[in-house]
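[1] compute the structure for the input listed below.
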Amino acid sequence: MKRTTIAAAFAALVITVGCATTVSLPDRFVEKTEKEYKNYSQEDWKKSREEYDALVAEMKENYDSYTTAEKVRTMQAMGRYGTMALGSEISGVSEEIGDVLEQIPETINDMIDQIDTAALRKSVEGIKTGIEGLVESIDTARIRKSIEGLTQSIDTAKLRQKLEAVVKILSGEE
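    Prediction:
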């Protein structure tokens, strides 16, 4: 009987240590990451995520065998790691945005330097010459003559009579 009790206690200890080791592995991994993540390169994060994914797969496989306390610790460890990883991503994006913003003035100055003012001046002079030629080619005498012909062909007496009738209607006289 004593042997059975000792064997049962030993089995319980082995099972407990096995479960504790499985669950404490994420804790150790996350604690290590917490100490070092501020110095991680992109490659370090890639390796860390691969290791994390393997741990998550193992935890999913054994999750039903965990006690409630082990499940809580596992979820806390996963949450802590997720927060660090997200913070790293946000930091990386903000650094990239900062790099882009720093390059904008240089890019604009390069564009300004590339403007060929001589070619621009030549283009403007060409446009000016074209407009002057267009204005000179307008036959103002012909336009004036057309306008005179138009006014002569309108029966102004009849137009006046119609306009006076419209004014009387609008003013309520008719």
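
[2] where does the prediction get shaky in the chain?
    Low-confidence segments of the chain, defined by pLDDT under 70: 1-25, 174.

[3] what about the longest helix in it?
    helix 68-113 (DSSP state H).

[4] quick one: distance of that one to the chain centre.
    Chain-centre distance of helix 68-113: 14 Å, with CA atoms, centre = their mean, to the nearest Å.

[5] again with stretch 53-61
    Relative to its chain's centre, stretch 53-61 lies at 33 Å (CA atoms, centre = their mean).

[6] got a list of contacts for the following helix or strand past the longest helix of the chain?
    Using DSSP states H and E, the helix or strand that follows helix 68-113 in sequence is helix 117-137. For helix 117-137, there are no external contacting residues (CB atoms under 8 Å, 6 or more residues apart in numbering). C-beta: built from backbone N, CA, C; applies to glycine.

[7] ok, back up a step: what helices or strands is the longest helix of the chain leaning on?
    helix 2-36, helix 42-62 (3 or more CB pairs under 8 Å, 6 or more residues apart in numbering; DSSP states H and E).

[8] could I get the buried residue list for the last one?
    Spelled out, it's helix 42-62. Buried residues in helix 42-62, counting neighbours by 16 or more other CB atoms under 10 Å, are found at 45, 48, 52, 55, 59.

[9] may I have it as PDB, with CA atoms only?
    C-alpha atoms of helix 42-62 as PDB (Å, rounded to 0.1, in the frame of the first residue of the first chain):
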ATOM      1  CA  GLN A  42      13.500  43.000 -37.700                       C
ATOM      2  CA  GLU A  43      15.300  39.600 -38.000                       C
ATOM      3  CA  ASP A  44      15.100  39.200 -34.200                       C
ATOM      4  CA  TRP A  45      11.400  39.800 -34.300                       C
ATOM      5  CA  LYS A  46      10.900  37.400 -37.100                       C
ATOM      6  CA  LYS A  47      12.700  34.600 -35.100                       C
ATOM      7  CA  SER A  48      10.800  35.600 -32.000                       C
ATOM      8  CA  ARG A  49       7.400  35.400 -33.800                       C
ATOM      9  CA  GLU A  50       8.300  31.900 -35.300                       C
ATOM     10  CA  GLU A  51       9.200  30.700 -31.800                       C
ATOM     11  CA  TYR A  52       6.000  32.300 -30.400                       C
ATOM     12  CA  ASP A  53       3.900  30.600 -33.100                       C
ATOM     13  CA  ALA A  54       5.400  27.200 -32.200                       C
ATOM     14  CA  LEU A  55       4.600  27.900 -28.500                       C
ATOM     15  CA  VAL A  56       1.000  28.900 -29.400                       C
ATOM     16  CA  ALA A  57       0.500  25.700 -31.400                       C
ATOM     17  CA  GLU A  58       1.800  23.600 -28.500                       C
ATOM     18  CA  MET A  59      -0.400  25.500 -26.000                       C
ATOM     19  CA  LYS A  60      -3.500  24.900 -28.200                       C
ATOM     20  CA  GLU A  61      -2.700  21.200 -28.400                       C
ATOM     21  CA  ASN A  62      -2.400  20.900 -24.600                       C
END
